[in-house]
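**Q** Okay, predicted coordinates and the sequence, questions at the end:
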Amino acid sequence: MPKVIFEEIPCKGLLDRVSGDSLPFRRTANPYRGCQHACLYCFARGTHEFLGYIAGRDFDTRIVVKTNAPEVLRQELRSPSRRGELVALDTACDPYKPAEQKYLLTRQVFTAFRDFHNPVSITIKGVLVTRDLDILVERTEV
């Protein structure tokens, strides 16, 4: 198994605008880039090339971690112009990737969405989601 490098970076913003009308959401939030699940079919592999990395090997072994993602998201959600829109969480890869066990960003991000009563959606592959069932159930009750 190849060695995984976690590249910890601060982010300036977490909510990214999505262009076009073909998706049911206008914003995404990606606390991580890259994914240790190493699915060969993953559509997000190409996003690593924007960072100057190789979409194949680097996508699986260079995980970019936006260490301040929860705090930055809270700042962004304070703005009335950013509140209320459906946000798709981690569309570039699974928010419950193995790195989440170490960094715990996804739970904190979900907590921010809950606290601001902001709708959020996820697509997952990892079973780590069961760790956060309590907060996900709360989200469906808001």
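**A** Looks like it arrived, so ask away. Numbers count the residues shown, from 1 in each chain.

**Q** quick one: the nearest residue to residue 94 once chain neighbours are set aside from residue 38, how far?
**A** Closest residue in space to residue 94, ignoring its immediate chain neighbours: residue 125 at 4.6 Å, by Cβ to Cβ, 6 or more residues apart in numbering. Where C-beta positions appear, they are placed from N, C-alpha and C, glycine not excepted. Distance, residue 125 to residue 38, using Cβ to Cβ, to the nearest Å: 11 Å.

**Q** Show the backbone phi and psi for the residue nearest to residue 94.
**A** The phi and psi torsions at residue 125 (degrees, to the nearest 10) take the values phi -130, psi -30.

**Q** is it true that it touches residue 39?
**A** Yes - counting by Cβ atoms under 8 Å, residue 39 is a contact partner of residue 125 at 7.5 Å.

**Q** Average pLDDT for the host helix or strand of residue 59, rounded please.
**A** Using DSSP states H and E, residue 59 maps to helix 57-61. In this model, helix 57-61 has an average pLDDT of 84.

**Q** tell me which residues of that helix are tucked away?
**A** 58-61 (16 or more other Cβ atoms under 10 Å).

**Q** Can I get that helix as CSV, trimmed to CA atoms?
**A** Provided in CSV are the C-alpha atoms of helix 57-61 (Å, rounded to 0.1, in the frame of the first residue of the first chain):
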residue,chain,number,x,y,z
ARG,A,57,-1.6,8.1,-8.2
ASP,A,58,-1.7,11.5,-6.4
PHE,A,59,-5.5,11.5,-6.1
ASP,A,60,-5.2,8.4,-3.9
THR,A,61,-2.1,9.3,-2.0
